[in-house]
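Q: Coordinates only, no sequence provided:
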Ligand SMILES: NC(=O)C1=CN([C@@H]2O[C@H](COP(=O)(O)OP(=O)(O)OC[C@H]3O[C@@H](n4cnc5c(N)ncnc54)[C@H](O)[C@@H]3O)[C@@H](O)[C@H]2O)C=CC1
Ligand SMILES: CC(=O)C(=O)O
């Protein structure tokens, strides 16, 4: 019956037709974040093939079945459950596996649990997905990015953390609400740790190049600034607030990860506040943290040497110290 449904048309030059290499991604961790990433990547047609990996094989199978049942509504994508061994030829491996915060817990408190998981995971990623760029999402994301860099031996450009991409989005969303603008029309960055020591770059907040805050502003302008600055507390506490209410954050990071992946696969050279290894910026050395960085097919190719005010510089250096002190307590041997 199946054989009689179609007639094959012979095509002597079949081998000459150029094929675009399929865009392949691996998502490690089929929890709330991993699946929000998978869903967002699927509906935005970012990969041709997605392999999803989790130690909880039953949940993994259920998640993959659920996604596959939606395929008639989106662009063709191969979605399968698997292991890292199925990740050969992957362009990107997105790591979301590991422990998450309980209400009130900080991201840094996860470090020991997730270090142990990464010690098992990263050597396997390198073994099977040797050509892939690693995109780390697991918290504390800056530390886990540093750990992945050291455990993998990959070039600095190939190991990226989602960093403060999410915090920057929260900052832009809240500022844009205040100014009744589309959040894409407003430029603002959160830099440093994706966590409690993160730094808002108030001096660079601008709408179409119009700087919002100036050091030499008059009293009226300074009063305006004081009304807007509490927004940063909302940004810093956003994850705690969401986790308190629904146990995890997922949709926004799924969208953020999708933007990072698109910038890599499409070689977009987008400036994104991803986390990468910093050496020699404002006296900061040998930590992964977020600065606006150029993201393209190479991974992170350049970080922007932002000119910061003395207060911003001090806060960034403090954030780097918090991360550096955490790194120094880690045992990275296997
Ligand atoms: N960087 C960011 O902006 C954000 C980071 N996160 C972080 O993402 C991580 C995941 O969060 P959720 O998905 O909510 O947690 P979850 O508990 O829902 O999912 C974690 C998944 O990892 C799996 N897993 C554990 N060890 C594994 C291993 N060795 N190999 C494969 N899978 C393994 C678990 O079975 C589970 O399905 C947490 O560390 C969380 O803090 C969450 C939101 C934003
Ligand atoms: C959980 C987390 O890191 C966030 O939502 O920012």
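A: That came in fine, so what should we check first? Just so it is clear, the model here is predicted, and its values are computed rather than measured. Ligands and ions are numbered 1, 2, ... in the order given.
Q: Show me the helices in the protein, by range?
A: Assigned by DSSP state H, the chain shows helices spanning 2-5, 32-43, 57-68, 111-128, 141-152, 165-179, 219-228, 231-246, 251-265, 310-328.
Q: Is any residue of the second one near ligand 1?
A: Yes - part of helix 32-43 sits near ligand 1 under the criterion C-beta under 6 Å from any ligand atom, namely 32, 33, 34. (Glycine included, C-beta is placed from N, CA and C.)
Q: Residue 239 contacts residue 101, correct?
A: Yes - with contact defined as C-beta atoms under 8 Å, residue 239 reaches residue 101; the gap is 7.2 Å.
Q: More neighbours: the two, which one.
A: Between residue 239 and residue 101, counting by other C-beta atoms under 10 Å, residue 239 is the more crowded of the two (23 against 19).
Q: Excluding covalently adjacent residues, which one is nearest to the more buried one?
A: In this structure, residue 239 finds its nearest non-sequential neighbour in residue 249, 5.5 Å apart by C-beta to C-beta, 6 or more residues apart in numbering.
Q: pretty sure that neighbour is touching residue 241, no?
A: No - here residue 249 does not reach residue 241: they are 9.4 Å apart, not a contact under C-beta under 8 Å.
Q: Tell me the pLDDT of the residue nearest to residue 313 when sequence neighbours are not counted.
A: Distances taken as C-beta to C-beta, 6+ apart place residue 282 nearest to residue 313, at 5.5 Å, with adjacent residues excluded. pLDDT, residue 282: 97.
Q: Would you enumerate the residues in contact with residue 282?
A: Residue 282 sits next to 308, 313, 316, 317 when contact means C-beta atoms under 8 Å, 6 or more residues apart in numbering.
Q: And residue 63, by the same measure?
A: Applying C-beta under 8 Å, 6+ apart, we find residue 63 in contact with 30, 35, 38, 52, 54, 81.
Q: Check residue 242 too.
A: Here residue 242 is in contact with 248, 249 (C-beta under 8 Å, 6+ apart).
Q: which parts of the stretch 201-334 of the chain sit against ligand 2?
A: Counting by C-beta under 6 Å from any ligand atom, the stretch 201-334 of the chain sits next to ligand 2 at 239, 249.
Q: need the residues of the stretch 201-334 of the chain near ligand 1, please.
A: Residues of the stretch 201-334 of the chain lying near ligand 1 (C-beta under 6 Å from any ligand atom): 248, 249, 253.
Q: in the stretch 101-250 of the chain, what spans have low per-residue confidence?
A: Where the stretch 101-250 of the chain drops to pLDDT under 70, the residues are 215-218, 222.
Q: Which single residue of this structure ends up nearest ligand 1?
A: The chain approaches ligand 1 most closely through residue 31 (1.7 Å), counting by C-beta to the nearest ligand atom.
Q: Quick check: closest non-adjacent residue to that residue.
A: Using C-beta to C-beta, 6+ apart, the closest residue to residue 31 is residue 96 (6.5 Å).
Q: OK, contacts around that neighbour?
A: 27, 28, 29, 31, 33, 34, 37, 137, 138.
Q: With respect to residue 293, which of these is nearest?
A: Of all the contacts of residue 96, residue 137 has the smallest distance to residue 293: 16.2 Å, by C-beta to C-beta.
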